[in-house]
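Trainee: structure for this input, please:
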Amino acid sequence: MTLYLGTWKIMDPERVSCMTYFASMTEEDDQKELGNVELLGRWSDSNTASGTFICRAEKYTDVAAWLYNWVPMATCSVKPICDDNTARRIILGEEPSYTVDYSHVGDQPNEGENLYWIQYQFNSDKKVEGNKLFAGLTQEQDVADAGNCRPLGRWHDLGAGSGMAIAAARSEEDVYRWAFNWAGMCDCKIVPVLTDLQSRAVIRSKSDFDKKLEAVVAAMM
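Mentor: A predicted model of the protein is given here:
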């Protein structure tokens, strides 16, 4: 199985129809559409009609077949990605001293929390140093580094010296404290995001949702 990171950006003329149709879908619809792809987590930045996802599949053709359903409405990008455990194994050249649990990637935020999409890019002269520093963290140091944030998952593009994390936090102070720990080595872009459940609830809550959905279905027919 290969792990993939994807991003999407809905084309401006298709924003209403794409977001309306997505909001009408159920979990059963998702599973039917995914086919042989295992979607681990998907998060939307509804303000920019964009977002990101992490999935797993044996064949990339399955991922391409799934995303092709959305190509008429959105631009999608996909690349293979490493989780913390794989990245550390590559950097260290051996099994890491501990493994990170990825069973909570798709969790909803707890009461009082918001989810954040944190994208990082190491400075060009800090890629090797930054990766080695990350790989050498003990479990205690890793937990302390995140502070009051609750990481759901973190993934790395070792070739580009970049990556992303999805984390829950109760305040902007908590999420920026974590980012500031790495400010001397990399740039971090932090955006609040919604899970599928949250995003669909927001879109469905609008008073004209049913009318928009009728128009979308009629156009598709």
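
Trainee: quick one: the strands in this protein, in order.
Mentor: With DSSP state E as the criterion, the chain has strands at 2-10, 38-45, 50-57, 74-80, 82-83, 114-122, 150-157, 162-169, 186-195.

Trainee: how about E129, what does it touch?
Mentor: Residues in contact with E129 (CB atoms under 8 Å, 6 or more residues apart in numbering) are M185. C-betas here are computed from N, CA, C, even on glycine.

Trainee: tell me the mean pLDDT over the longest helix along the chain?
Mentor: Longest helix of the chain, by residue count under DSSP state H: helix 209-220. Here helix 209-220 scores 88 as its mean pLDDT.

Trainee: ok, back up a step: reformat the strands of the chain as JSON lines; add mean pLDDT, distance to S17 and mean neighbour count.
Mentor: Output for these, formatted as JSON lines (pLDDT from 0 to 100; distance: least, CB to CB, whole Å; neighbours: other CB atoms under 10 Å):
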{"stretch": "strand 2-10", "mean pLDDT": "98", "distance to S17": "9", "mean neighbour count": "18"}
{"stretch": "strand 38-45", "mean pLDDT": "98", "distance to S17": "16", "mean neighbour count": "19"}
{"stretch": "strand 50-57", "mean pLDDT": "98", "distance to S17": "16", "mean neighbour count": "20"}
{"stretch": "strand 74-80", "mean pLDDT": "97", "distance to S17": "11", "mean neighbour count": "14"}
{"stretch": "strand 82-83", "mean pLDDT": "98", "distance to S17": "34", "mean neighbour count": "20"}
{"stretch": "strand 114-122", "mean pLDDT": "98", "distance to S17": "24", "mean neighbour count": "20"}
{"stretch": "strand 150-157", "mean pLDDT": "98", "distance to S17": "30", "mean neighbour count": "22"}
{"stretch": "strand 162-169", "mean pLDDT": "98", "distance to S17": "27", "mean neighbour count": "22"}
{"stretch": "strand 186-195", "mean pLDDT": "98", "distance to S17": "19", "mean neighbour count": "17"}
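
Trainee: would you list those in CSV and tack on distance to I90?
Mentor: Supplementary listing: the strands of the chain in CSV, determined by distance: least, CB to CB, whole Å:
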stretch, distance to I90
strand 2-10, 13
strand 38-45, 20
strand 50-57, 18
strand 74-80, 12
strand 82-83, 7
strand 114-122, 15
strand 150-157, 9
strand 162-169, 13
strand 186-195, 18
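
Trainee: what's the span of stretch 100-107, first residue to last?
Mentor: 16 Å (CA to CA, to the nearest Å).

Trainee: give me the buried positions along it.
Mentor: Residues 102, 105-107 are the ones in stretch 100-107 that count as buried (16 or more other CB atoms under 10 Å).

Trainee: go through the strands of the chain and name the closest to E95.
Mentor: strand 82-83 (14.0 Å; CB to CB).

Trainee: for the closest one, packing partners?
Mentor: strand 150-157 (3 or more CB pairs under 8 Å, 6 or more residues apart in numbering; DSSP states H and E).

Trainee: sheet-wise, list the partners of the strand it packs on with their directions.
Mentor: Next to strand 150-157 in the sheet, as set by DSSP bridges, lie strand 82-83 (antiparallel), strand 162-169 (antiparallel).

Trainee: relative to F209, which of these is closest?
Mentor: strand 162-169 (26.8 Å).

Trainee: what does that closest one contact?
Mentor: Against strand 162-169 from outside (CB under 8 Å, 6+ apart): 5, 41, 43, 52, 81, 105, 107, 109-110, 113-122, 146, 148-157, 175, 178, 193.
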